[in-house]
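Asks: Please find the sequence and the predicted model below.
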Amino acid sequence: MFAKGLRCIRCAVDYDLGAYFRGCPACGEALEVMYNEAAVRSVVSLERWARRSASVWRYAELLPLPAGAERITLGEGGTPMIRVPRSGGNPLPFLYLQNETVNPTYAFKDRFHSVSISMARQLGFDGVVCSTTGNHGMSAAAYAARAGMRCVVLADPRAPKTQRDWMRLFGATVVVEMNRKPPLQAFVEEHGWYPSTYMTPMPVSTPYGVEGYKTMAYDAVLSLGRAPDHYLFPVAAGDGLYGPWKGFQELYRLGLTESLPRVHGVQAAGANPIVEAIEKGLDDVPVHPGPDTAALSIADDTGGRIALQAIRDSGGTAVEVTDAAIFEALHRAARVGVSPELASAAALAGAWELARQGVIEPGDFVVCCITGAGPKWPEVLSGRVPGEELVNPGQAVLDGLMSGQ
């Protein structure tokens with residue numbers, strides 16, 4: 001086992017791997033898993049990883065689960081990198097979509113829960129609780145089912161009913177609740193449930209799920225044969241962005257890449273607290289009551305300091321995009337065969353916005369993370385799909401179609 005323990009990202013106090021759900025006991029900041037990188041360096045290479053089955057667990061040396069412990073897995077990870085053809089709408093010749101929609105529950109959250117719930121089992125828990133706007137809860141329910149664990153999902157009432165039904169199908173109890181923080185805290189602190197949710201103390205944390213997120217960086221490097229110049233991620237709380245940044249740093253320190261990407265957070269214009277924090281040089285992310293965007297997955301009213309740290313340490317930035325730009329990006333992604341949800345399409349819209357600003361140059365290698373699948377949000381597309389269905393059109397119309405008219 002190469003994981004050494006946990007370390008506070010602020011005060012650098014070390015702890016054994018364990019159930020720390022309120023962050024660092026000394027200062028309250030987030031904890032992250034640390035590894036014996038000298039030992040890892042002696043046994044891993046990109047070539048060795050590439051020979052293994054495509055999975056989050058091909059990178060077991062840099063994941064916290066002890067050797068021999070049971071892995072709760074549904075085949076997550078190893079997702080494809082789709083190159084977007086250069087066109088009038090896309091000025092970037094090396095623009096790639098990391099297509100997380102092909103994970104078992106069609107979202108990047110599966111990487112999180114494979115590692116998080118594996119650690120929950122290892123730590124002796126039998127119940128999992130999470131808070132969700134959709135993707136996170138569906139994934140938690142699936143992996144809890146795989147692990148044979150109880151699962152309670154505290155769901156935003158705006159979460160798609162399709163996803164809430166799938167949570168129940170997986171065996172989870174779904175509690176629809178707008179103010180989810182109090183019951184989440186009670187489940188964890190008063191009744192001993194494992195919180196498979198968040199990274200920073202907002203109000204509870206687990207340092208283990210983010211270790212699954214960082215495998216997106218490893219997959220990106222294996223696919224491209226190099227680190228990208230820019231990595232764009234749609235941001236809500238920020239742990240999803242921080243995970244890949246942690247992964248890119250590990251690869252660089254291990255000598256497996258020659259450079260680090262600039263990591264950029266993308267938010268909707270109506271829900272942009274991290275953008276404000278970056279632009280104003282704030283140490284903390286402000287609270288924006290009443291976030292207003294159709295991209296519900298990134299409609300949080302605040303975010304974590306870890307996102308600010310990742311963006312600043314990488315030399316990146318945070319950029320806002322309008323809902324109209326997000327819908328345009330969704331349609332353009334669909335034209336190359338990728339079906340992003342709105343929050344994911346924001347990353348693509350952000351890439352084009354940063355290109356317009358000159359932050360991204362035409363020869364740069366750019367990766368946009370497509371975090372979740374559009375078909376999981378059927379209400380979003382209602383009335384926004386171009387064209388019309390042809391219902392019983394008659395032979396004359398069919399003949400015209402057949403002849404290309």
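Replies: Received it, and whenever you're ready, just let me know what you need.
Asks: going forward, measure contacts between C-alpha atoms and count neighbours the same way
Replies: OK.
Asks: what's the neighbour count on the residue nearest to Ala172 when sequence neighbours are not counted?
Replies: Excluding its sequence neighbours, the residue lying closest to Ala172 (CA to CA, 6 or more residues apart in numbering) is Cys151, at 4.8 Å. Cys151: 28 surrounding residues under other CA atoms under 10 Å.
Asks: Same check on the one 4 residues further on?
Replies: By the measure other CA under 10 Å, the count of residues near Ala155 is 25.
Asks: For it, what are phi and psi?
Replies: Ala155 has phi and psi values of phi -110, psi 130 when expressed as degrees, to the nearest 10.
Asks: Which parts of the stretch 301-405 of the chain are strands?
Replies: For the stretch 301-405 of the chain, the strands defined by DSSP state E, counting those that start in this stretch cover 318-321, 366-370.
Asks: picking up where we left off before, any residues touching the host helix or strand of the residue nearest to Ala172, and which ones?
Replies: If you go by DSSP states H and E, Cys151 is part of strand 150-155. Outside strand 150-155, the residues that touch it by CA atoms under 8 Å, 6 or more residues apart in numbering are 126-134, 137, 140-141, 144-145, 164, 167, 171-178, 180, 184.
Asks: How about Pro228, nearest residue that isn't a chain neighbour?
Replies: Using CA to CA, 6+ apart and skipping the chain neighbours, the partner closest in space to Pro228 is Phe365 (5.1 Å).
Asks: List the residues that contact the one you found.
Replies: Phe94, Leu95, Tyr96, Pro228, Asp229, His230.
Asks: One more pass at 10 Å, please.
Replies: By CA atoms under 10 Å, 6 or more residues apart in numbering, the contact set of Phe365 is 92-96, 224, 226-231, 261.
Asks: count of residues packed around Pro261?
Replies: Other residues near Pro261 come to 21 when the count uses other CA under 10 Å.
Asks: Ok, the one 10 residues further on next?
Replies: Other residues near Ala271 come to 28 when the count uses other CA under 10 Å.
Asks: Am I right that it is in contact with Val319?
Replies: No. Contact criterion CA atoms under 10 Å: Ala271 and Val319 do not qualify, at 11.2 Å.
Asks: Can you pull up the most central residue in the chain?
Replies: For the chain, the residue nearest the mean C-alpha position is Gly240 (4.0 Å; CA atoms, centre = their mean).
Asks: Can you list phi and psi of that residue for me?
Replies: Gly240 adopts backbone torsions of phi -70, psi -30, taken as degrees, to the nearest 10.
Asks: Identify the residues contacting it.
Replies: By CA under 10 Å, 6+ apart, the neighbours of Gly240 are 108-109, 112, 198-199, 209-214, 216, 233-234, 265, 307, 371.
Asks: Check Arg168 too.
Replies: So Arg168 contacts Met138, Ala141, Ala142, Cys151, Val152, Val153, Val174 (CA under 10 Å, 6+ apart).
Asks: so can I have JSON lines of the residues you listed showing pLDDT and distance to His191?
Replies: Supplementary listing: these in JSON lines, determined by pLDDT from 0 to 100; distance: CA to CA, whole Å:
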{"residue": "Met138", "pLDDT": "98", "distance to His191": "22"}
{"residue": "Ala141", "pLDDT": "98", "distance to His191": "19"}
{"residue": "Ala142", "pLDDT": "98", "distance to His191": "22"}
{"residue": "Cys151", "pLDDT": "98", "distance to His191": "13"}
{"residue": "Val152", "pLDDT": "98", "distance to His191": "13"}
{"residue": "Val153", "pLDDT": "98", "distance to His191": "15"}
{"residue": "Val174", "pLDDT": "98", "distance to His191": "17"}
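Asks: Of the residues you listed - the most surrounded one?
Replies: Neighbour counts for the contacts of Arg168, by other CA under 10 Å, peak at Ala141, which reaches 31 neighbours.
Asks: Ser139 and Tyr106 touch, don't they?
Replies: Yes. Ser139 lies in contact with Tyr106 (CA under 10 Å); the separation is 8.6 Å.
Asks: between those two, who's got more neighbours?
Replies: Ser139 (28 against 22).
Asks: report the angle between the axes of the helix or strand where the more buried one lies and strand 150-155?
Replies: Assessed by DSSP H and E, Ser139 sits inside helix 135-147. Helix 135-147 runs at 170 degrees relative to strand 150-155, counting by axes from the mean of the first three to the mean of the last three CA atoms, to 10 degrees.
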